[in-house]
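Colleague: Fold the following and give me the result.
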Amino acid sequence: MASRSVATLVVVVLVLMTTAFAAPGRSTRAKGKKAKAMFAHRVEENRPGRGRKVKNALNDPRTIEVFKDFDAWFGEAREASTLAAMGKVQGIDHFVHPMSELADGISPNADVVLLTSNGVGDAVTRQRQNQPAAQANLEAFVRAGGVLIVDMGDNDAEGGYLAPGSIGTPTLTFPAPAADDATFTKVAAGPDGVLGTDDDHRLVRGPDGLAGTVDDLTNANIDMCCAVAHGHLEDGLGLPSNARVIETASFEDVSRPILAEYCLGSGRVIVDTVTKEFAGHQPEGSGPSYFLQSLLAYALDPLEHTPCQISGLREDVARMARGRAAQLDAKLAAAQRFLEANRSSAACGQLRAFANQVLVERKKGLPRPVSDWWVQTATDIGAAIGCK
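Modeller: Take a look at the predicted model:
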């Protein structure tokens, strides 16, 4: 977090340069209706780079910014009730903005940005999200270490939301013949291929992050009454090569991705077509859902996104350090390997070695703003994994 405002400024410059239950006649497809959202604004947010300028301390609650024009799908606002159940307070660590403000900027205090479904298929909302300035701000936010969730499941036959790092937008289509059925992939089950064990993806392990407990997601409790997704992440959309598919549904008897994630710069993008704000998701109603609680808990957990931070740092080193890259990258690569092997203390040693090497390279001409950014990022990663 501490390096987010500097990193976002740098990345912005780079980027700018180069279904309620099925009603009669609606079958099992949720069309949605406009239910105006309640906004919780920041002070001084009517200008580019808006928001508080004082950075959050490491132990402060993680902050989520929601951009939407309407409450999807029929006004349930399930992300709001879910966040409230998780202890988030609007105006403190949970802010809600109209989509038009996305082009103005994203607060430097934001850890997670959530774009809820355009379930009403509103063309103006889609156009606001598609604006070049809005897309540049989203990309800058992610590249600087933020976590972005883009709900690409909608009722917009003429287009849809865009996600930085991906190309296009999903075609509007519906699961068939089992419209209500979703399934976790091998990625979600972890190396042992078994759900309910310690190597499960953090999303599967539920809000408490512990495998095999009552709040875990399963292939049963991620299903819903009707269309579990609107569109999928293949037709109309091109995911980057490093994307990992976490959840699928059947479209014309072919398994297609409906939730995936990938690193972009130092941050993470989570894209999905799951109708997750709809009342039919378990438990049915307008309150917190199992799926949303697990998804948001995962997005708000800083430890889970350190691999993206290290990958982004390695990209920066390769691009900006030139002849100095080899020694610096070797230490980051070692830190990654140790983290993957659950050897946090060894990873901490490599991160400290990286920071020390950066200071050496600064004496040899590495620009101070770059070296300060890298050292602070390594420090933030270390704090997230518990380095002393």
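Colleague: For this structure, which segments count as helices?
Modeller: For the chain, applying DSSP state H gives helices covering 4-16, 78-85, 123-130, 132-143, 186-189, 290-299, 306-320, 325-340, 344-363, 368-385.
Colleague: Quick one: closest of these to residue 266.
Modeller: Of all those, helix 306-320 sits nearest to residue 266, with 2.8 Å by Cβ to Cβ. Every residue, glycine included, has its C-beta placed from N, CA and C.
Colleague: packing partners for the closest one?
Modeller: strand 254-264, strand 267-272, helix 325-340, helix 368-385 (3 or more Cβ pairs under 8 Å, 6 or more residues apart in numbering; DSSP states H and E).
Colleague: CSV please, covering these and showing mean pLDDT, distance to residue 236 and mean neighbour count.
Modeller: As requested, the helices and strands packed on helix 306-320 are exported to CSV (pLDDT from 0 to 100; distance: least, Cβ to Cβ, whole Å; neighbours: other Cβ atoms under 10 Å):
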stretch, mean pLDDT, distance to residue 236, mean neighbour count
strand 254-264, 97, 11, 22
strand 267-272, 97, 12, 26
helix 325-340, 91, 33, 18
helix 368-385, 92, 35, 19
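Colleague: can you put those in TSV and add distance to residue 124?
Modeller: Converted to TSV, the helices and strands packed on helix 306-320 look like this (distance: least, Cβ to Cβ, whole Å):
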stretch	distance to residue 124
strand 254-264	26
strand 267-272	22
helix 325-340	43
helix 368-385	38
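Colleague: Nearest to residue 82 among the ones you listed would be which one?
Modeller: Nearest to residue 82, of the helices and strands packed on helix 306-320 and by Cβ to Cβ, is strand 267-272 at 14.9 Å.
Colleague: So which elements touch the closest one?
Modeller: So strand 267-272, by 3+ Cβ pairs under 8 Å, 6+ apart, packs with helix 132-143, strand 147-151, strand 254-264, helix 306-320.
Colleague: okay if I get the ones you listed as TSV plus distance to residue 385?
Modeller: Shown next, in TSV, are those (distance: least, Cβ to Cβ, whole Å):
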stretch	distance to residue 385
helix 132-143	20
strand 147-151	16
strand 254-264	16
helix 306-320	6
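Colleague: for these, which one sits closest to residue 117?
Modeller: Between these, strand 147-151 lies closest to residue 117; by Cβ to Cβ that is 4.3 Å.
Colleague: what residues go with each domain of this structure?
Modeller: 4-300, 306-385 (automatic domain parsing).
Colleague: just those: most buried one?
Modeller: domain 4-300 (a mean of 20; mean count of other Cβ atoms under 10 Å).
Colleague: Could you list the low-pLDDT ranges of the stretch 201-350 of the chain?
Modeller: The stretch 201-350 of the chain contains no residues with pLDDT under 70.
Colleague: One more pass at 80, please.
Modeller: 321-324, 341-342 (pLDDT under 80).
Colleague: Provide a list of residues in contact with residue 295.
Modeller: 149, 203, 270, 276 (Cβ atoms under 8 Å, 6 or more residues apart in numbering).
Colleague: returning to that earlier point: nearest to residue 189, of the helices and strands packed on strand 267-272?
Modeller: For residue 189, the closest of the helices and strands packed on strand 267-272 is strand 254-264, at 14.0 Å, according to Cβ to Cβ.
Colleague: Tell me what angle the closest one forms with strand 147-151.
Modeller: 150 degrees (axes from the mean of the first three to the mean of the last three Cα atoms, to 10 degrees).
Colleague: neighbouring strands for strand 254-264, and are they parallel or not?
Modeller: strand 244-251 (antiparallel), strand 267-272 (antiparallel) (DSSP bridges).
Colleague: what does it rub up against?
Modeller: With Cβ under 8 Å, 6+ apart as the criterion, strand 254-264 contacts 139, 142-143, 153, 164-165, 182-183, 185, 228-229, 232-235, 239-240, 242-250, 268-274, 307-308, 311-312.
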